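Trainee: kindly generate the corresponding structure for this input.
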Amino acid sequence: MRSDVVKKGVPAAPNRSLLYALGYTKEELERPLIGVVCSYNEIVPGHMNLDKIAEAVKAGIRAAGGTPVEFPTIAVCDGIAMGHVGMKYSLVTRDLIADSTEAMALAHQFDGLVMIPNCDKNVPGLLMAAARVNVPTIFVSGGPMLAGTLNDGRRTCLSHMFEAVGAHYAGKLDDAGLEEYEENACPTCGSCSGMYTANSMNCLTEAIGMALRGNGTIPAVYSARLRLAKHAGMKIMELVEKDIRPRDIMTEAAFHNAETVDMALGCSTNTMLHLPAIAHECGIQLSFDMANEISARTPNLCHLAPAGDTYMEDLERAGGVAAVMAELTKAGLLDTSVLTCTGKTLAENLEGVVNRDTNLIRPIENPYTKTGGIAVLKGNLAPDGCVVKQSAVAPEMLVHEGPARVFDSEDDAIAAIYAGKIVAGDVVVIRYEGPKGGPGMREMLNPTSAIAGMGLDKDVALITDGRFSGATRGASIGHVSPEAASGGPIGLVEEGDLIAIDIPGRSIELKVSDEVLTARKTKWVCPEPKIKTGYLARYARLVSSADKGAILE
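Mentor: Below is the predicted model of the structure:
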């Protein structure tokens, strides 16, 4: 066992003395030591139940003959961090989580790991750590929250809550109506109830083979979630015995499977940041071009919030991620020979799986669209690409041309939107919010929700070198690469320039001649960094562009 280096022999006597100080017995130290990485805290609704998940995992480990050893990692609530300086600290935690987990796992030589994430950056951060450490590992998340219910019986969720703010500013919703949303949008613990980033990544952890069936969809408040956690604790012991490691599971074929499921589910555009970063840790390159190739052949089968009016609990009832994968296998779109954390192939895992609700999970022969939920656009405004969740774009905005309304920060843009200065036809451009320029690549949920709440989501587009929450809908195009702070063309856009967007054609063009852009480039000066000290300053110096997954180089 890997842990023998701290448990056995004369040289390990000092190590054993410290393990005894923790209360472990000789009998416990004779068993494999399993690190239980738990991101429980009291500020993130999706993490407030993870102490219960951890206890269930530990019970499963003990039942299967292991010794669990819990240690923590951090988590930021993107919703609470939204709209202020706190959002600069969201994406950057992905690397802190990966780095600190790597340090703990290797410093203490665990024989296996059970990762317990839930919300946005914990899932990719822990997947990155799993790939680096490469000891037997399994994931079990905290699960999604249930959808809320308004007084009139309509179901609601966090994306509706943010849009309600825009409606309030537009005079379409009074104070009492806003308070009703506040009190009902998030009724339980868990990751917010739509196909937002947290749930997208938990579903893709299942799709890539690193979590058991149901990980992405069993609600946080269901007892089935605790049973899943116990089974994950039991399963890690089998993975340790068979020495099945993350890089045995997270192969290139598995990543392609995950991207295919991503397109079918209509996941958050943040997956286009996280999957390449995880793949990078496995020595695999995922490009924007590859995403478009997979999208071109993958039908979109689900329209969960914010694209539709169904939620994670509904997807679980319909059969979950496994049912979506079963539909995809009918068209030969998945490599079912890949190994998974069950110790079996994907084909074996999908035996007997059925789609229990063909209204929620469209059959492969009757999809919402013949192409996937995410599209990558390229053109002179984004030579290296940008990303849009096309499944959440109104049909009339799939092709759009309008004048640029240019803002050098999210704060300036949201002030203009709330003041009613953005009108139908406009293309809002928010720049210097990328990984380096932000720094930290803030999510733009406030401006996109304000636009939607004001009823302009079918008339106004938004383009940024920042990123979007999975709760965003509309013609919201992010991850523009290169970013403005790196000299990208988005930094050369001027007020009133025409911008043409063609999502089906996968293009985005600034209608300005090359000669004019060249002249503007000679005069362009990069603004002073917004933050010059601390972790964010170090991050800005090391981070790559969004099209490369915003990895640290």
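Trainee: got phi/psi on the residue nearest the centre of the chain?
Mentor: In the chain, the residue lying closest to the centroid (CA atoms, centre = their mean) is residue 197, at 3.5 Å. Note on residue 197: its backbone torsions stand at phi -60, psi -50 [degrees, to the nearest 10].
Trainee: ok, residue 211 next?
Mentor: phi -140, psi 160.
Trainee: list the contacts of it.
Mentor: Counting by CB atoms under 8 Å, 6 or more residues apart in numbering, residue 211 makes contact with 138-141, 202, 205, 232, 341. Every residue, glycine included, has its C-beta placed from N, CA and C.
Trainee: let's test this: name the helix or strand in the protein with the lowest mean pLDDT.
Mentor: Least confident element among the helices and strands of the chain, by mean pLDDT, DSSP states H and E: helix 445-453 (a mean of 89).
Trainee: pairing partners for the following helix or strand past it, with directions?
Mentor: Counting by DSSP states H and E, the next helix or strand C-terminal to helix 445-453 is strand 461-464. Taking DSSP bridges as the criterion, strand 461-464 forms sheet pairs with strand 427-430 (parallel), strand 476-481 (parallel).
Trainee: so of the ones you listed, which one's packed in deepest?
Mentor: Mean neighbour count, computed with mean count of other CB atoms under 10 Å, is highest for strand 476-481 among the strands paired with strand 461-464, reaching a mean of 30.
Trainee: next structured bit after that one?
Mentor: strand 498-502.
Trainee: and that following strand, which strands flank it?
Mentor: Assessed with DSSP bridges, strand 498-502 is paired to strand 399-407 (antiparallel), strand 507-510 (antiparallel).
Trainee: and the longest one, which residues are buried?
Mentor: Buried positions in strand 399-407, judged by neighbour count with 16 or more other CB atoms under 10 Å: 400, 402, 404-407.
Trainee: return the distance of that strand from the chain's centre.
Mentor: Relative to its chain's centre, strand 399-407 lies at 27 Å (CA atoms, centre = their mean, to the nearest Å).
Trainee: now do the very next helix or strand once past it: distance to the chain's middle.
Mentor: Later in the chain than strand 399-407, the nearest helix or strand by DSSP H and E is helix 410-418. Relative to the centre of its chain, helix 410-418 is centred 25 Å away, using CA atoms, centre = their mean.
Trainee: by how many degrees do helix 410-418 and strand 399-407 diverge?
Mentor: Put simply, helix 410-418 runs at 120 degrees to strand 399-407, going by axes from the mean of the first three to the mean of the last three CA atoms, to 10 degrees.
Trainee: hang on, residue 424 packs against residue 456?
Mentor: Yes - assessed by CB atoms under 8 Å, residue 424 is found in contact with residue 456 at 6.4 Å.
Trainee: which one of the two has more residues nearby?
Mentor: Ranked by neighbour count (other CB atoms under 10 Å), residue 424 and residue 456 place residue 456 first, with 22 against 10.
Trainee: wait, that one sits on residue 422?
Mentor: Yes - counting by CB under 8 Å, residue 456 does reach residue 422; the two are 6.9 Å apart.
Trainee: common neighbours of those two, please.
Mentor: With CB under 8 Å, 6+ apart as the test, residue 456 and residue 422 reach no residue in common.
Trainee: re earlier: measure the residue nearest to the centre of the chain to residue 117 for me?
Mentor: According to CB to CB, to the nearest Å, residue 197 stands 12 Å off from residue 117.
Trainee: likewise for residue 492?
Mentor: Between residue 492 and residue 117 the distance is 39 Å, computed by CB to CB.
Trainee: between these two, point out the one with more neighbours.
Mentor: Neighbour comparison, residue 492 and residue 117: the larger count goes to residue 117, with 30 against 22 (by other CB under 10 Å).
Trainee: for that one, which non-adjacent residue is spatially closest?
Mentor: With sequence-adjacent residues excluded and distances taken as CB to CB, 6 or more residues apart in numbering, residue 117 is closest to residue 123, at 4.6 Å.
Trainee: on the three-state scheme, the one you found is what?
Mentor: Classification of residue 123 using DSSP: H, G, I helix; E, B strand; the rest coil returns helix.
Trainee: burial count for it?
Mentor: The local packing of residue 123 (other CB under 10 Å) involves 32 other residues.
Trainee: contacting residues around it?
Mentor: 117, 139, 141, 198, 201-202, 205, 274.
Trainee: please tell me how far it sits from residue 140.
Mentor: Distance, residue 123 to residue 140, by CB to CB: 11 Å.
Trainee: what does residue 222 give?
Mentor: Per CB to CB, residue 222 is found 13 Å from residue 140.
Trainee: same question for stretch 89-106, mean pLDDT?
Mentor: The average pLDDT within stretch 89-106 is 98.
Trainee: revised request: answer the last question for stretch 268-276.
Mentor: On average, stretch 268-276 scores 96.
Trainee: list of residues touching it?
Mentor: Residues outside stretch 268-276 that contact it (CB under 8 Å, 6+ apart) are 91, 94, 120, 123-124, 127, 195-197, 200-201, 204, 255, 258-259, 262, 285-288, 291, 374, 376, 387-389, 441, 467-470, 472, 478-479, 546, 548-551.
Trainee: could you identify the buried members of the residues you listed?
Mentor: Taking 16+ other CB under 10 Å as the criterion, what is buried in those is 91, 94, 120, 123-124, 127, 195-197, 200-201, 204, 255, 258-259, 262, 286, 288, 291, 374, 376, 387-389, 441, 467-470, 472, 478-479, 546, 548-551.
Trainee: just the ones in helices from these, please.
Mentor: 94, 123-124, 127, 197, 200-201, 204, 255, 258-259, 262, 288, 291 (DSSP state H).
Trainee: pretty sure residue 131 sits in a helix.
Mentor: Yes - assessed by three-state DSSP, residue 131 belongs to a helix.
Trainee: the contacts of residue 211 in helices, which ones?
Mentor: 202, 205, 232.
Trainee: for those residues, which one is nearest residue 147?
Mentor: Using CB to CB, residue 202 is the member of the ones in helices among the contacts of residue 211 that sits closest to residue 147, with 16.5 Å.
Trainee: burial count for the closest one?
Mentor: By the criterion of other CB under 10 Å, residue 202 has 30 neighbours.
Trainee: contact partners for it?
Mentor: Applying CB under 8 Å, 6+ apart to residue 202 gives the contacts 117-118, 123, 141, 143-144, 191, 211, 215-216.
Trainee: same thing but 7 Å
Mentor: Taking CB atoms under 7 Å, 6 or more residues apart in numbering as the criterion, residue 202 is in contact with 123, 141, 191, 215-216.
Trainee: make CSV from these and add distance to residue 77 to it.
Mentor: Below are the contacts of residue 202 laid out as CSV (distance: CB to CB, whole Å):
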residue, distance to residue 77
123, 14
141, 15
191, 10
215, 20
216, 19
